[in-house]
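Trainee: Starting from these lines, generate the structure:
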Amino acid sequence: MVTRCAWSEGHFPEYVEYHDHEWGVPVHDDRKHFEFLILEGAQAGLSWSTVLKKREGYRQAFANFDPNAVAMFSEAEIETLTLNPSIIRNRLKIRSSVTNAQKFLEVQKEFGSFDAYIWQFVDGVTIHNHWKTQGECPATSKESDALSRDLKKRGFKFVGSTIIYAHMQACGLVNDHTTDCFRHAELLGLKG
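Mentor: Residues are numbered from 1 along each chain as shown. Predicted coordinates for the structure are as follows:
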């Protein structure tokens with residue numbers, strides 16, 4: 001019997017698959033970072049399972065998470081997306097994805113990649129926490145606070161510290177698998 005983080009138990013297969021193969025794995029691909037910025041922003045006020053069930057819909061609606069394409073979405077395209085049942089049809093969240101794509105491209109231009117930009121907030125190395133229970137895991141950190149402030153200063157939307165901490169967890173800047181979870185030890189061996 002494999003022990004997993006308590007939050008991943010009892011869900012649909014894609015949820016467990018996400019926990020087992022994606023959550024906490026260091027990401028160095030800009031398109032994947034952009035995908036998680038869109039998905040984490042969409043999650044605000046909702047459950048991750050709701051967003052995960054719509055992930056394929058987001059992939060199709062948001063040009064396979066290509067920030068160059070999303071940055072060019074017109075008002076008409078934004079309006080069409082508000083009618084798309086395959087995604088969360090919140091106008092502010094949809095519009096923020098377009099704004100964030102534009103700001104994402106600016107960060108890429110300044111730093112060479114979004115990856116180079118974001119990893120500097122953890123000194124280029126995954127922070128490995130050692131929580132015994134999910135209840136010990138914080139919703140924010142000093143690193144997510146600093147990253148959130150900087151993203152807001154750059155004009156990004158839906159990037160509060162809690163959303164950004166979730167992004168950091170998803171993209172492996174932070175390893176928040178509980179110590180009894182089989183993934184915790186596996187990720188300790190990976191380079192940030």
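Trainee: from what I can see residue 93 touches residue 44, true?
Mentor: Yes. If you go by CB atoms under 8 Å, residue 93 and residue 44 touch, sitting 7.1 Å apart. Heads up, the C-betas are built off the backbone N, CA and C, glycines and all.
Trainee: hey, what's in contact with both of the two?
Mentor: Common neighbours of residue 93 and residue 44, using CB atoms under 8 Å, 6 or more residues apart in numbering, are residue 158.
Trainee: Between the two, point out the one with more neighbours.
Mentor: residue 93 (21 against 18; other CB atoms under 10 Å).
Trainee: Send me the helix or strand hosting that one as CSV with only the CA atoms.
Mentor: Element membership for residue 93, per DSSP states H and E: helix 91-111. Taking C-alpha atoms only, helix 91-111 is exported to CSV below (Å, rounded to 0.1, in the frame of the first residue of the first chain):
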residue,chain,number,x,y,z
ARG,A,91,-14.7,37.2,-16.9
LEU,A,92,-12.1,38.7,-14.5
LYS,A,93,-10.2,35.5,-14.4
ILE,A,94,-10.3,35.1,-18.2
ARG,A,95,-9.2,38.7,-18.7
SER,A,96,-6.4,38.3,-16.1
SER,A,97,-5.0,35.3,-18.2
VAL,A,98,-4.7,37.7,-21.1
THR,A,99,-3.0,40.4,-19.0
ASN,A,100,-0.8,37.8,-17.4
ALA,A,101,0.3,36.5,-20.8
GLN,A,102,1.3,40.0,-21.8
LYS,A,103,3.2,40.5,-18.5
PHE,A,104,4.7,37.0,-18.8
LEU,A,105,6.2,37.9,-22.2
GLU,A,106,7.7,41.1,-20.6
VAL,A,107,9.4,39.0,-17.9
GLN,A,108,10.7,36.6,-20.5
LYS,A,109,12.2,39.5,-22.4
GLU,A,110,13.8,41.0,-19.3
PHE,A,111,15.2,37.7,-17.7
